[in-house]
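Asks: With the input below, show me the fold.
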Amino acid sequence: MGSYFLKLPFYLSISSLLFTYIVYLFQLFTFGDAYISWLLSSVLMSSALLFIFTHPGNWMHRRCVKNTLLVIHTMLIGYGAFLALGMPRPYSSILSNAGLLLLAGIVAVIYQTSLVPKQAARVNVLHALNITVGIILAIGTVYCVYLFYLFSEDGNGDLWKLFVPFVFYGIAYIVQMKILEIHQKRIAYSVAVIQLVMPIVLLQIWKVLAAGEGML
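Replies: Predicted structure coming up:
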């Protein structure tokens, strides 16, 4: 069982690549929709994770980097699961369930990566806080993007604003780990407050965009 969990990130990276290509090709040949931006982002993220998990090393706070990439990956795979829901049956059921299984696996890997018994308790607490907020933020961002694409009538020029909270979340995560290195845990916990606010910021950005599009 232990060796399986060690190999789980590798299997997830490969499965994510296959899932991305299959969903993209089905959307392209069934509906004629080319989600090229999502395809490139998801393939890039899966490839980056595959590289990191097959080339271990203590660079750029590797655990922090892995967690940030994994949380972003939940956003991309979650969007892929949304795309799968719009396909004809039985493909929609098969691919959306495959997407949910991938999401469950990614969440398991995030917590497996973060909660290390030998690590100081305060570091594990911060990692657990970061990944929990990150997952909530990823799910919320995917949902808002999906609704925006579904109901927006004036184009998607302001769509990038929905990703701003996630960018600040990632920056705050890296800053916390830097601060912990110099044993300034009070400052690190203060920075963590920024991440707790990000889901609220996302909600406010969504309300402004939705009101501008006449969705509220």
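Asks: Can you find the helix or strand in this structure with the smallest mean pLDDT?
Replies: Every helix and strand of the chain was ranked by mean pLDDT, DSSP states H and E. The lowest is helix 121-151, at a mean of 77.
Asks: just for this structure, where's the confidence low?
Replies: 1-6, 56-63, 113-122, 152-157, 213-216 (pLDDT under 70).
Asks: before we move on, back to that, tell me what the least confident helix or strand of the chain is packed against?
Replies: Under the contact criterion of 3 or more Cβ pairs under 8 Å, 6 or more residues apart in numbering; DSSP states H and E, helix 121-151 touches helix 62-85, helix 91-114, helix 164-181, helix 185-212. All C-beta spots, glycine's among them, are computed from the backbone N, C-alpha and C.
Asks: hmm, who's touching the shortest one?
Replies: Residues lying outside helix 164-181 but in contact with it, judged by Cβ atoms under 8 Å, 6 or more residues apart in numbering, are 61, 63-64, 67-68, 72, 75, 122-123, 126, 130, 133-134, 137-138, 141, 185, 187-188, 191-192, 194-195, 198-199, 201-202, 205.
Asks: Put the buried members of the residues you listed into a PyMOL selection.
Replies: Selection of buried members from the contacts of helix 164-181 for PyMOL, criterion 16 or more other Cβ atoms under 10 Å:
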select buried, resi 61+63+64+67+68+72+75+123+126+130+133+134+137+138+141+185+188+191+192+194+195+198+199+202+205
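Asks: so how far is Leu147 from the one residue sitting closest to the centre of the chain?
Replies: When Cα atoms, centre = their mean is applied to the chain, the residue found nearest the centroid is Ile72 (2.5 Å). Ile72 sits 20 Å away from Leu147, going by Cβ to Cβ, to the nearest Å.
Asks: Correct me if wrong: Val107 contacts His73.
Replies: No: counting by Cβ atoms under 8 Å, Val107 does not reach His73; the two are 10.4 Å apart.
Asks: Compare these two and say which one has the larger neighbour count.
Replies: The neighbour comparison of Val107 against His73 (other Cβ atoms under 10 Å) goes to His73, with 25 against 16.
Asks: Distance of the closest residue to that one other than its chain neighbours relative to Ile77?
Replies: Here the nearest residue to His73 in space, its sequence neighbours aside, is Met45; by Cβ to Cβ, 6 or more residues apart in numbering that works out to 4.9 Å. Met45 is 9 Å from Ile77, where distance means Cβ to Cβ.
Asks: what residues are shared contacts of these two?
Replies: Counting by Cβ under 8 Å, 6+ apart, the common neighbours of Met45 and Ile77 are Ser16.
Asks: Compare neighbour counts for these two and give me the winner.
Replies: Ile77 (29 against 22).
Asks: What sits closest to that one if chain neighbours are left out?
Replies: Leu102 (5.1 Å).
Asks: dump the residue contacts of that neighbour.
Replies: Leu12, Ser15, Ser16, Phe19, Ile77.
Asks: swap in Ala81?
Replies: Leu95, Ser96, Gly99, Leu100, Leu103.
Asks: got it, and Ile106?
Replies: Leu12, Leu70, His73, Thr74, Ile77 are the contacts of Ile106 under Cβ under 8 Å, 6+ apart.
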